[in-house]
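Peer 1: fold the stuff below for me.
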Amino acid sequence: ALSNGHATGLWLEELATPYYAFAAAGFECVIASIKGGAVPIDQGSVTGGFFTEDCKKFMHDPVAIGMLGHSVALSTLSFPGCCDAVYLTGGHGCCEDFV
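Peer 2: Below you'll find the model as predicted:
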């Protein structure tokens, strides 16, 4: 949580839209996090205009939401070699966790 008590997490649109763009371009997507396991979603990103069509699709996509719920620990990936690219999502969780 942030110092003001706001729960942190990734900003869903910043994961969902690139996830589908990368998949459409033929890339295999792996969702990883620092420790692995469930990645929290900033609740502000699933309300109103922030909850885009890609967000809705992601939340109802069993493969995508399954990967988010069971992310791979970064320490299990070998760099270089495992990935063609690394994309970091936005959100308060990332701002706190990547520091």
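
Peer 1: count the residues that sit near the nearest residue to residue 76 once chain neighbours are set aside.
Peer 2: Spatial nearest neighbour of residue 76, excluding adjacent residues (Cβ to Cβ, 6 or more residues apart in numbering): residue 36 at 7.2 Å. C-beta here means a position set from N, CA and C on the backbone, and glycine is covered the same way. The number of residues packed near residue 36 is 15, by other Cβ atoms under 10 Å.

Peer 1: any idea how far residue 36 is from residue 24?
Peer 2: 26 Å (Cβ to Cβ, to the nearest Å).

Peer 1: repeat that for residue 51.
Peer 2: 21 Å.

Peer 1: more neighbours: which of those two?
Peer 2: residue 51 (16 against 8).

Peer 1: quickly find the element holding the residue positioned nearest the centre of the chain.
Peer 2: Centroid-nearest residue in the chain, with Cα atoms, centre = their mean: residue 15, separated by 4.6 Å. Per DSSP states H and E, residue 15 falls inside helix 13-24.

Peer 1: confidence score at residue 96?
Peer 2: Looking at residue 96, its pLDDT is 67.

Peer 1: what segments of the protein are strands?
Peer 2: 32-33, 72-73 (DSSP state E).

Peer 1: tabulate these (CSV), appending distance to residue 9, mean neighbour count and mean pLDDT.
Peer 2: What follows is those, written out as CSV (distance: least, Cβ to Cβ, whole Å; neighbours: other Cβ atoms under 10 Å; pLDDT from 0 to 100):
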stretch, distance to residue 9, mean neighbour count, mean pLDDT
strand 32-33, 11, 18, 90
strand 72-73, 18, 14, 94
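
Peer 1: alright, calling it a day.
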